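Student: model this:
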Amino acid sequence: MGPIGVKKHLAPFLPPVSLETGAVSAAPYGSASILTISYLYILMMGADGLHRATEVAILNANYIAKRLDAHFPVLYRNHNDRVAHECIIDPRPLKASCGVTVDDIAKRLIDYGFHAPTMSFPVPGTLMIEPTESESKAELDRFCEAMIAIRREIAEVEDGKFPIDASPLRYAPHTVHDIADDNWQRPYSRAQGCFPDGSPQQDKYWSPVGRVDNVYGDRNLVCSCPPISNYAQAAE
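Tutor: Model prediction:
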């Protein structure tokens, strides 16, 4: 996290910084490396390069927004029906209609070989897609095809082909152990789960673990300390 600036009326609410007590986390005035990285990037790109990178980043985000608009609502367009350098898709209505959550989409993207975009920021329950200027059109298309394929899987849940709790979405991501499971008992095939439509067949990324309950550890605290009896024995 780099430096953060606020208006004067918010200054009293900032955490106090004391050279005696130190910062709560990391450096008291932010990370100096943030400035170095940004400065070197600006020097290497130059004025023309920065202008071009901005144009391409905005073009990429609008391309994705246009391709996905028929499948997922896109939030925060301007009067020209355009977004800036990122687009926010909104799957929240799906949670109400068929139980599909943004977590299901994010986990299923792993089966297609993608790390999920920013989830639930700045809007809870949404995906913020920020392709930047560095992604090729082929990669943008591959991502869009994965999202459209996931929307087709969501439609299968909507149509009652699978209950959400037994769907490829809820079991995602699928591991190499899943495809080798001789006791496969899910209502969809191993091929559909592990090699969904549009996913890479060669050089496929395999998640090392399957679905994890994201908040279980927060709600069910487990102490990893040795039991008190061990300390008693050591004292003896």
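Student: use CA for all of it now, contacts and neighbours both
Tutor: Noted.
Student: the protein: strands as residue ranges?
Tutor: Secondary structure of the chain by DSSP state E: the strands cover 74-75, 87-89, 118-119, 127-129.
Student: report the buried residues of stretch 97-112.
Tutor: Counting neighbours by 16 or more other C-alpha atoms under 10 Å, one finds that the buried residues in stretch 97-112 are 98-112.
Student: in helices, which of those residues fall?
Tutor: The helices, defined by DSSP state H, take in 98, 102-111 from those.
Student: now, which of the residues you listed sits nearest residue 217?
Tutor: Closest to residue 217 out of these is residue 103 (16.4 Å), distances taken as C-alpha to C-alpha.
Student: distance of the closest one relative to residue 110?
Tutor: As judged by C-alpha to C-alpha, to the nearest Å, residue 103 and residue 110 stand 11 Å apart.
Student: what helices and strands are in contact with the helix ranked longest in the chain?
Tutor: Ranked by residue count, the top helix of the chain under DSSP H comes out as helix 32-68. Using 3 or more C-alpha pairs under 8 Å, 6 or more residues apart in numbering; DSSP states H and E as the contact definition, the elements that helix 32-68 packs against are strand 87-89, helix 137-158.
Student: among those, which is the most enclosed?
Tutor: Across those, the average number of neighbours (mean count of other C-alpha atoms under 10 Å) peaks for strand 87-89, which reaches a mean of 24.
Student: quick check: mean pLDDT of it?
Tutor: When pLDDT is averaged along strand 87-89, the result is 97.
Student: cool, and stretch 127-147?
Tutor: Per-residue pLDDT values across stretch 127-147 average out to 96.
Student: what does it rub up against?
Tutor: The list of residues contacting stretch 127-147 from outside it, by C-alpha atoms under 8 Å, 6 or more residues apart in numbering, reads 53-58, 60-61, 64, 67-68, 85-90, 102, 109, 112, 114, 117-122, 197-199.
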